[in-house]
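Q: When you get a sec, could you give me coordinates for this:
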Amino acid sequence: MRIGTNMSAIIANRYLTKSENTLQKSLERLSSGYKLNSSKDDSAGMAISEKMRTQIDNLNRASKNASDGISVVQTAEGALAEIQAMLQRMGELAVQGANDSYTDEDRKNINSEINALKAEINRISEDTSFNNTKLINGEVARRTYETVDNGSGEKMLTDAVATTYVANEVKSGEYGIVLNGDGTASFATDDSGNRIGFSDTALLQSADNKVKITDEGGFEMEFTINPESTYTGEVMVELWDIGEMPIQVGSNKGQTIDICIPEVTVSSLNLDNLDLSTAEGCRKGITLVNDAVERVSKIRSELGAFQNRLEDSVSNLDSTEENMTAALSRILDVDMAEEMTNYTQYNVLQQAGISMVAQANQLPEKVLQLLQ
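A: Have a look, this model is predicted:
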């Protein structure tokens, strides 16, 4: 028997220390509710969980972004509903004035209301905004730039013509028209005789300083010729995919839905020349107002499609966030029943270890029996 080194006590103390450390870790998990409380618990699991936590937070924010986008669309659609109601009133007045039972004096009174309605349409267009972003005055529509050749081969912006409407189906690029000087326009062609930007099946309607070009697949562009401009010749219209309102609906770069709302003003609806002071003006106005109602209806339909996409995005984001949260829980959260079982086991081992250390420390005392 040796008393210089109590190996039994050393061995018992080693196991006691191990049991205490394990018990402490079990207590930490039970107290926090997490399996991973530091990177030493599971370095790979900690890295994965932090990445997932970031993505979950981003998904939550993207869902709120999509909800904000829905509010933007609803705001614009509400304004357009009011404009459409005024257009319907305009149509009613045009039909009323087209009846020869009314005199020109009566039609002047009708035209006074028409002018008031036109002013209100422009006011709504200018004042409708969301978080200081104007929605239907062209601020969130794709940008167009009208240029002419300055004679030296360089492009120069011009106010001879303005693009008043571009359907969402129209692709970005260059489109060429020719101003004829009499308030009409025609297609511009390149050196090979091909139309610039427009297909051979496109149709052009031009009258009273208004130009409308339509084609298959919903292609539609409209221009207003400046009556005060004396320019005649070729004008290039550059359409860019900028100016829209991108809504971030994903947790990663590029996951956006671009909201595009065309300009809705008296000019863009081709109602700036609407005059119901004469019977002929009333009859012409019926067609103009009907076309404007159809235009606003189409824009509202497009906004409805945007809203449906955003609502679907919200549902998808919420579902993805829920599933990722469940996956994160499997990595981070502790199974309380299992951990409580472990805690009981480690607690018993600790008590047994304390008892064994005490017993081991008493072993050297048996040497005294040899000295008696």
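
Q: For Ser229, list the residues it contacts.
A: Counting by CB atoms under 8 Å, 6 or more residues apart in numbering, Ser229 touches 158-161. C-beta coordinates here come from the backbone N, C-alpha and C atoms, glycine included.

Q: Out of these, the closest to Thr325 would be?
A: Distances from those to Thr325 were compared by CB to CB; the smallest belongs to Val161, at 54.8 Å.

Q: beta partners for that closest one?
A: Val161 has these beta-bridge partners by DSSP bridges: Ile225.

Q: coming back round to it: got a winner among the contacts of Ser229 for most neighbours?
A: Tallying neighbours with other CB atoms under 10 Å puts Val161 at the head of those, with 21 neighbours.

Q: all helices for the stretch 51-200 of the chain, in order.
A: Secondary structure of the stretch 51-200 of the chain (DSSP state H, counting those that start in this stretch): helices at 104-127.

Q: again, but for the stretch 201-350 of the chain
A: Using DSSP H, counting those that start in this stretch, helices in the stretch 201-350 of the chain cover 279-332, 336-362.

Q: and the angle for the longest one with helix 104-127?
A: Interaxial angle, helix 279-332 versus helix 104-127 (axes from the mean of the first three to the mean of the last three CA atoms, to 10 degrees): 20 degrees.

Q: Output the contacting helices and strands for helix 279-332.
A: The helices and strands touching helix 279-332, judged by 3 or more CB pairs under 8 Å, 6 or more residues apart in numbering; DSSP states H and E, are helix 43-97, helix 104-127, strand 256-259.

Q: since we're on Gly78, how many residues are nearby?
A: 12.

Q: mind checking pLDDT for it?
A: As predicted, Gly78 sits at a pLDDT of 95.

Q: Next, find the distance separating it from Ser71.
A: Note on Gly78: its distance to Ser71, by CB to CB, to the nearest Å, is 10 Å.

Q: and what of Arg330?
A: Distance from Arg330 to Ser71, by CB to CB: 35 Å.

Q: neighbour count winner among those two?
A: Ser71 (14 against 10).

Q: sorry, back to before: from the contacts of Ser229, which is closest to Ser129?
A: Of all the contacts of Ser229, Ser129 sits closest to Asp159, with 25.9 Å by CB to CB.

Q: Now do the same contact list for the closest one.
A: Asp159 is in contact with 146, 226, 229, counting by CB under 8 Å, 6+ apart.

Q: Identify the residue nearest the residue nearest the centre of the chain in space, chain neighbours excluded?
A: Nearest to the mean C-alpha position of the chain, by CA atoms, centre = their mean, lies Ile247 at 1.8 Å. Nearest in space to Ile247, with sequence neighbours left out and distances taken as CB to CB, 6 or more residues apart in numbering, is Gly69 at 3.8 Å.

Q: ok, now how distant is the one you found from Cys260?
A: Per CB to CB, Gly69 is found 12 Å from Cys260.

Q: Return every residue with contacts to both of these two.
A: Joint contacts of Gly69 and Cys260 (CB under 8 Å, 6+ apart) are Met245.

Q: pLDDT weak spots in the stretch 251-372 of the chain?
A: Residues of the stretch 251-372 of the chain meeting the criterion pLDDT under 70: 371-372.

Q: rewinding a little: ok, now which ones touch the residue nearest to the centre of the chain?
A: By CB under 8 Å, 6+ apart, Ile247 lies in contact with 65-66, 68-69, 72, 256-259, 310.

Q: circling back: packed most tightly, which of the helices of the stretch 201-350 of the chain would that be?
A: helix 279-332 (a mean of 17; mean count of other CB atoms under 10 Å).

Q: Check the contacts of Ile247 and tell me the two furthest apart.
A: Checking these with CB to CB, the most distant pair is Asp68 and Asp258, at 14.5 Å.

Q: Surely the residue nearest to Ile247 and Leu310 touch.
A: Yes: contact criterion CB atoms under 8 Å: Gly69 and Leu310 qualify, at 4.8 Å.

Q: For those two, list the residues in contact with both.
A: Contacts common to Gly69 and Leu310, judged by CB under 8 Å, 6+ apart, are 247, 249, 257.

Q: tell me, how many neighbours does the second one end up with?
A: Residues near Val249, counting by other CB under 10 Å, number 21.

Q: cool, and the one 3 residues further on?
A: For Asn252, the number of neighbouring residues by other CB under 10 Å comes to 9.

Q: Just give the nearest non-adjacent residue to it, would you?
A: Closest to Asn252 by CB to CB, 6+ apart is Asn58, at 7.9 Å.

Q: can you list contacts of stretch 355-369?
A: Contact with stretch 355-369 is made by 1, 3, 6, 8-9, 11-13, 15-16, as judged by CB under 8 Å, 6+ apart.
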